[in-house]
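# no sequence for this one, just the structure:
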């Protein structure tokens, strides 16, 4: 079964009811990586009667879902990685429901939060009522319109095509717009430089302007930032929910070093603290990000198309700086309950947590940055990151110096097991690389958020894990 013959409806069916009854022999499947893609693939293959072995280099499950509970005081936590689930991500929500996880709202916008541009601070609600408060050089036709209004006008024709033709419209949209970066698309639509700057800052897209326009478009029309939830107690509750079923099938501290295959099976060579080992299986599912895979020896080389995809697929940087404060001053002093503040300062985006109110304290996501913005934070020491972020945050919330207790940072582009925060197509890469990314190589299959079109989201990882589980299950039936 090729990836192209697996429909979204088929994936939904597996998520709800499991793989079809096994008609072929029980298969040994080596899965590399215990992120969401590997866990979902392993879980569904195990339920179908196969023998998955998951090799995980870290000492935890979850991959780029990582909830930090240290160095914070009891009852507090922060999300170093994935932190929210859109209502439209039914696969992710489905597994939350399957495991009985409690969800709570994740507040995105808040009129009480701030914009801080060019040294001036505005309440978001004030700007919503009067966009001309902002210091951007707009044309007469752009004045008086918000960044969101200008954006909706720019993509109106695309949205109409999707309403008229549904998912089938994406083929034509990709053919027409895959070569555009977001900046190029806005220039094509006749936006002034001031409008591009305004949208980039207010939508927190400035650092991503040279990425594929299709990446932003897909998220926007797919409702990826609407009606969002978080998991009560931490996002890592989702990957940990797989452990009762899969715990005995996972080997932690096992770092893949090389892979080989024959017409009959696959061999994964891995390293632990005790030495070098091999895991043999009928099939393998590789879920590690391509920057990590770049350093793995492939004894029987992959096809040229796969090699090119591994070399060229763009991964974006991401940085988070989180801080514990002894009181929730943003609520007590500023009346901000949830949502985020956006600025042109190096910290860029700040998010106010909805959780842990019962403690009286809070862990603020003081800075969330992408791309070059994140790389600049990565060049600093952890201590300097926190100090610099505090200085930035003081301009918006002067109370932070008095209330600060401790902080932590996460640079995903410096994580040896991630090599980046998420895959993010450059212009043209969907057309050039996507098929090669998801195609199997003999008995080796590929999953992970990069092997989907929902880059950077749990939904994409789950979708790819279900797809590869279906492919392996079907291949096993054919082998029988």
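Yes, it's here. Keep in mind it's a predicted model, so treat the numbers as computed, not measured.
# Stretch 150-168: end-to-end distance?
The first residue of stretch 150-168 is 26 Å away from its last residue (CA to CA, to the nearest Å).
# Need the contact partners of that stretch.
8, 142, 169-170, 172-173, 177, 185-186, 189, 191, 195, 198-199, 203, 217, 220-221 (CB atoms under 8 Å, 6 or more residues apart in numbering). Backbone N, C-alpha and C define where each C-beta goes, glycine included.
# Show me which of those are buried.
The neighbour-count criterion (16 or more other CB atoms under 10 Å) marks 142, 169-170, 173, 177, 185-186, 191, 195, 198-199, 203, 217, 220 among these as buried.
# can you list those in CSV and add distance to residue 330?
Output for the buried ones among the contacts of stretch 150-168, formatted as CSV (distance: CB to CB, whole Å):
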residue, distance to residue 330
142, 32
169, 42
170, 40
173, 40
177, 39
185, 35
186, 32
191, 33
195, 30
198, 25
199, 26
203, 22
217, 32
220, 27
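# with the residues you listed in mind, which one is nearest to residue 435?
residue 170 (14.5 Å; CB to CB).
# now the closest one: how far from residue 453?
Look at residue 170 and residue 453: by CB to CB, to the nearest Å, they are 9 Å apart.
# and what of residue 142?
31 Å.
# same check, this time on residue 370
Taken as CB to CB, the span from residue 370 to residue 453 is 19 Å.
# between the two, which one's more packed in?
A count of neighbours by other CB atoms under 10 Å puts residue 370 above the other of residue 370 and residue 453, at 25 against 19.
# just checking, the more buried one touches residue 315?
No. The pair residue 370 / residue 315 is not scored as a contact, 11.2 Å apart, by CB atoms under 8 Å.
# any common contacting residues for the two?
Counting by CB under 8 Å, 6+ apart, the residues touching both residue 370 and residue 315 are residue 421.
# Do you know the pLDDT at residue 479?
Looking at residue 479, its pLDDT reads 62.
# Hmm, residue 226 and residue 106 touching each other?
No. Using CB under 8 Å, residue 106 makes no contact with residue 226, being 10.9 Å away.
# Neighbour count for these two, which is higher?
Each of residue 106 and residue 226 has its neighbours counted (other CB under 10 Å); residue 106 has more, 20 against 12.
# mind listing what the more buried one touches?
In this structure, residue 106 makes contact with 83-85, 228-230, 338, 354, judged by CB under 8 Å, 6+ apart.
# neighbouring strands for the one helix or strand residue 369 maps to, and are they parallel or not?
Per DSSP states H and E, residue 369 falls inside strand 362-370. Its sheet considered, strand 362-370 pairs with strand 318-325 (antiparallel), strand 349-351 (antiparallel) by DSSP bridges.
# Can you tell me which of those strands is packed in deepest?
Across these, averaging neighbours per residue (mean count of other CB atoms under 10 Å) puts strand 318-325 on top, at a mean of 26.
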